[in-house]
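Engineer: Turn this into a structure:
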Amino acid sequence: MGVSEDKYQALEDDGQSEKALTVEDIINRTVAVKRTWWCMVKFVALFMTGIGAKMVGPMMIGLPIFAGFLNYKSWECVSEVCVNLSRNATTEDFYTRKTICDNGWAAPEDIRWLGNRTSFGLEWGLICGNEGKGSNLRSFFFIGGFVGLLVATTMFDAIGRKLTTLFGLVVVCISTLVSGFANGYTTMLPLRVIHGFGAFIVTTGVDLLTVEFVPTDLRNLSQLISSLFWMIGSLVLIAISYGILQWRNICYTLSGVFALFFLIVLILPESPRFQLVKGKEAQARKTFNKIAWIFNTHPLSKDTKIIFQDYKNNYWKQLKDFRKYPLMQKNTLILMVSWMSIACISYGLLFSWAKLGSDIYTNILFSTIGSFIAHGAGIVYFTIQYLGRKTASVVFFLGLGLTFYTSIPCFGVKVTDGWTLDNIVCLLSTVFISGVWGSVVLLTKELSPTSHRGMIYCLASSSGRLGSFVGPYSALLYNEIEPRIVLGIFGTIAALAAIMACFNSDSTGKPIPSTPADVVKHTGHTKIEDDELDN
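Structural biologist: Next up is the predicted model:
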């Protein structure tokens, strides 16, 4: 049986504190406690095993970029009208999107696409005036993610992190396999909604499951590994898409990868923090002792009491807690705004590379490399480590806004035949984008109590899906308005988000809260009467 926190002081006064430990204490003394080289290798290996399924997110987000890519520069004339026009034009000016769209040409009547690489965008005629349908396939994915995350708010804190994640993996695995048999836009569109539904449940689930095993001083490192796996997912997708020429085979391959992730998550234990909050102390003890065996640390003895406060309220009572605890409500709203802002910018830029550069593979590859540099060189990690979570999020948002504003006067200045100065400046923005994601996601994990973490993380991430939904359509704006205006919009969004982030709480160096009352205790921003905390 556990010990409530209000009895801990009495135990300490009686000299029994070693036999009464908080959840944070147990994890800190069990997981990689010696900080030796071998212990850290085991920690990183175990964490990487758990977080690996996070690659599902970038793989499914980027699927239509490669499987539906429109290469307007690789075609030849078929109709007599097209052939006659080509004789009186230079190759550079003729073989462009403008030529095809202005003349209303279509394949195979007027033109023939060259190369062995297939694309559903070309196969289904999603070109010129139908490009909006391609944007729908990208954006509707985030509608599915939004719905999936709202559904998951009722699941993560009810049936657990592991079971909910496995459910998401089943959904995304089957729907990706079925996508390989899609015969048109109307078939793929609902499948993209289902893709998003499952994918964001998976990425959220593995984040929740893994962070609750991590010691206090290693949570920043765990976020670094988590972010790296998101980028690794992008690189794996690039490699698969580049090596496999048929877009349907890309879908089949990804489905197989997701089936492997399902098996990996299946062998992971449930979060002991979640088990304790649900009053399942015996199961939590077994999990803690398994971790102790892996790291060769002392298991919990039968006499050791675990200090915890269970929380068995239902979904509606969870919602009422936001009114009861204004600090948790304020933090959640700020996090939702932060997620929405960075998601709009991230995916707006991601789906704009075809407009901003000549080679989509190179552009996205360099963008991903920029993120790797941000994390691998320690820029994100050390900024968060030394400035703290909150201050780092403000700094990264401000840097991102400044980068976009800098790109405006640089627009169109040629560096090479395929690159302009604004392309390079936008690539540099990926460093700040990585920093924002790293700090904001870590804040979301640490500021939300275990009893509400599934709900708060899903609410924040679902707000990000709203921003993600808008992002792909910004790529269409490059065809309609001055590109400098689009870059200025991105910069303004980042600047406003930085101002909002200044009012958030900071979780740096503090224990992960178990209940809403712990959020108040750990931050000290608001005073609540003791009898209210006990209710």
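Engineer: For stretch 288-299, buried residues please.
Structural biologist: Residues 288-289, 291-292, 295, 297 are the ones in stretch 288-299 that count as buried (16 or more other C-beta atoms under 10 Å). For glycine as for every other residue, the C-beta is placed from the backbone atoms N, C-alpha and C.
Engineer: do the same with stretch 134-153
Structural biologist: Neighbour-count burial for stretch 134-153, counted by 16+ other C-beta under 10 Å, picks out 134-149, 151-153.
Engineer: The buried residues of stretch 288-299 in strands, which ones?
Structural biologist: Assignment to strands by DSSP state E places none of those there.
Engineer: ok, of these, which one's closest to residue 254?
Structural biologist: Of all the buried residues of stretch 288-299, residue 254 sits closest to residue 291, with 32.0 Å by C-beta to C-beta.
Engineer: That closest one contacts residue 28, correct?
Structural biologist: No. Applying C-beta atoms under 8 Å as the test, residue 291 and residue 28 come out as separate, 11.6 Å apart.
Engineer: The stretch 251-400 of the chain: strands as residue ranges?
Structural biologist: Per DSSP state E, counting those that start in this stretch, the stretch 251-400 of the chain carries strands over the ranges 305-307.
Engineer: and if you look at the chain?
Structural biologist: Taking DSSP E to define them, one finds strands in the chain at 20-22, 75-77, 111-113, 305-307.
Engineer: got those strands as JSON lines, with mean pLDDT and mean neighbour count columns?
Structural biologist: JSON lines is the format used below for the strands of the chain (pLDDT from 0 to 100; neighbours: other C-beta atoms under 10 Å):
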{"stretch": "strand 20-22", "mean pLDDT": "80", "mean neighbour count": "19"}
{"stretch": "strand 75-77", "mean pLDDT": "83", "mean neighbour count": "17"}
{"stretch": "strand 111-113", "mean pLDDT": "84", "mean neighbour count": "17"}
{"stretch": "strand 305-307", "mean pLDDT": "82", "mean neighbour count": "20"}
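Engineer: of those strands, which approaches residue 120 most closely?
Structural biologist: strand 111-113 (12.4 Å).
Engineer: packing partners for that closest one?
Structural biologist: Secondary-structure packing of strand 111-113 (3 or more C-beta pairs under 8 Å, 6 or more residues apart in numbering; DSSP states H and E): strand 75-77.
Engineer: ok, the strand it packs on: who's next to it in the sheet?
Structural biologist: When pairs are called by DSSP bridges, strand 75-77 turns out to pair with strand 111-113 (antiparallel).
Engineer: Looking at the buried residues of stretch 288-299, spot the one nearest residue 252.
Structural biologist: Proximity of the buried residues of stretch 288-299 to residue 252 (C-beta to C-beta) peaks at residue 291, which lies at 37.0 Å.
Engineer: if I pick the closest one, what's in contact with it?
Structural biologist: For residue 291, the contacting residues are 27, 30-31, 213, 297, by C-beta atoms under 8 Å, 6 or more residues apart in numbering.
Engineer: Contacts only, for the closest residue to residue 26 other than its chain neighbours.
Structural biologist: Excluding the flanking residues, the one nearest residue 26 by C-beta to C-beta, 6 or more residues apart in numbering is residue 288, at 5.7 Å. Shown in contact with residue 288 (C-beta under 8 Å, 6+ apart): 26, 30, 272, 299-300.
Engineer: Can you pick out the most distant pair from these?
Structural biologist: Pairwise over these, using C-beta to C-beta, the maximum falls at 272 and 299, 12.8 Å.
Engineer: if we look at stretch 504-512, which residues are touching it?
Structural biologist: 22-24, 211-212, 216-217, 273, 327, 330-331, 334-335, 338, 388-391, 393, 442-443, 445-447, 449-450, 518-519, 522-523, 525.
Engineer: which of these count as buried?
Structural biologist: By neighbour count, with 16+ other C-beta under 10 Å, these hold 22-24, 211-212, 273, 327, 330-331, 334-335, 338, 388-391, 393, 442-443, 445-447, 449-450, 518-519, 522-523 as buried.
Engineer: Next step: those restricted to helices.
Structural biologist: Of the buried ones among the contacts of stretch 504-512, the ones assigned to helices by DSSP state H are 23-24, 211, 273, 327, 330-331, 334-335, 338, 389-391, 393, 442-443, 445-447, 518-519, 522-523.
Engineer: Kind regards, and thank you for your time.
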